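*Asks:* Kindly return the folded structure for what I paste below:
(one chain, ligands or ions: 1)
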Amino acid sequence: MVSAVVFDCDGVLTDNGSSWQNIHNKFGTISNKGSEHSKMLEKFLDGAISEEEFVEFDIRLWRSVKPDIHRDDIMRCYSGVELMEGAREVVAELQSRGVYVAIVSSGVDVFVGAIASMLKVDDWVANGFEWDDDGFLIRGLPTRVPTHNKGLMIEKLARINGFEMNEIISVGDSGTDLSMKVEDSAFIGFNPSRTRALEAFEEAAVPIVEGKDLRMIWPLIYSGEKLAG
Ligand SMILES: [Mg+2]
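*Replies:* So this is what the prediction gives:
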């Protein structure tokens, strides 16, 4: 029995790679200082620097381009981002079968919240920023969803809603999303974002869906069934 399906957002429900990266693209801060940023990213993925340190590093880069950053500036970074093909259909069909649908993302909350309300999911959580009363960026918020330990939020969701772990399926595109697979819950690796994600999924021996149509996960949730387009 499937009680809940929990989706990562960036690269799973939306075809955007990373909601942090989207901000860098807008400010041009990856191309300006590409090597420095990618070094920090590798350090972060290896667990050598904390989530908060990485966010503060990012904010410093953006401020070097635009000292006062408004919430609207951040929202505009997502103007061209599209939902993943099939995302609406998968979420709607799961909910029509009584399955609880949630988003657990270490991406940016203003973006993930917009996607959550667009898809009308049952619950969502993400990371983000603190804003002043006029909507200007103060700093990063304390991490709610640790990238390397997203399972904390899966456990919380199970506890609050009374789900057994073996009734929960998580869907993610990064190696770090494997942390959503707690106890005997299930995991589907969808649209692996990088080579190291694919390698991590293979190593963990989880089912992998390559391609950018979320409906392709359906036969793995309800074996033998297909979700028509
Ligand atoms: Mg992702």
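*Asks:* contacts and neighbour counts: CA atoms only from here.
*Replies:* Fine.
*Asks:* least trustworthy helix or strand in this protein by mean pLDDT?
*Replies:* Least confident helix or strand of the chain, by mean pLDDT, DSSP states H and E, is helix 29-32 with a mean of 69.
*Asks:* any idea of the mean pLDDT for the strand ranked longest in the chain?
*Replies:* The strand spanning the most residues in the chain, taking DSSP state E as the definition, is strand 100-108. Confidence over strand 100-108 (mean pLDDT, whole number) is 98.
*Asks:* count of neighbours near Arg159?
*Replies:* Arg159: 12 surrounding residues under other Cα atoms under 10 Å.
*Asks:* Wasn't it part of a helix?
*Replies:* Yes: the assignment for Arg159 is a helix, going by DSSP: H, G, I helix; E, B strand; the rest coil.
*Asks:* follow-up on the earlier one: after the least confident helix or strand of the chain comes which helix or strand?
*Replies:* helix 34-45 (DSSP states H and E).
*Asks:* Can that next one be said to contact the ion?
*Replies:* No: residues of helix 34-45 contacting the ion under Cα under 5 Å from the ion: none, with a closest distance of 12.9 Å.
*Asks:* List the buried residues for that helix?
*Replies:* His37, Met40, Phe44, Leu45 (16 or more other Cα atoms under 10 Å).
*Asks:* Report the mean per-residue pLDDT for the helix or strand that comes right after that helix.
*Replies:* Downstream of helix 34-45, the next assigned helix or strand under DSSP H and E is helix 51-65. The pLDDT scores in helix 51-65 average 94.
*Asks:* just to revisit the earlier point, list of residues touching the longest strand of the chain?
*Replies:* The contact list for strand 100-108, computed with Cα atoms under 8 Å, 6 or more residues apart in numbering, reads 3-10, 18-20, 91, 94-95, 112, 116, 121-128, 144-147, 150, 153-154.
*Asks:* try 6 Å this time
*Replies:* Under the contact criterion Cα atoms under 6 Å, 6 or more residues apart in numbering, strand 100-108 has outside partners 4-9, 19, 121-128, 145, 147.
*Asks:* from the chain's centre, how far out does it sit?
*Replies:* Computed by Cα atoms, centre = their mean, to the nearest Å, the separation of strand 100-108 from the middle of its chain amounts to 6 Å.
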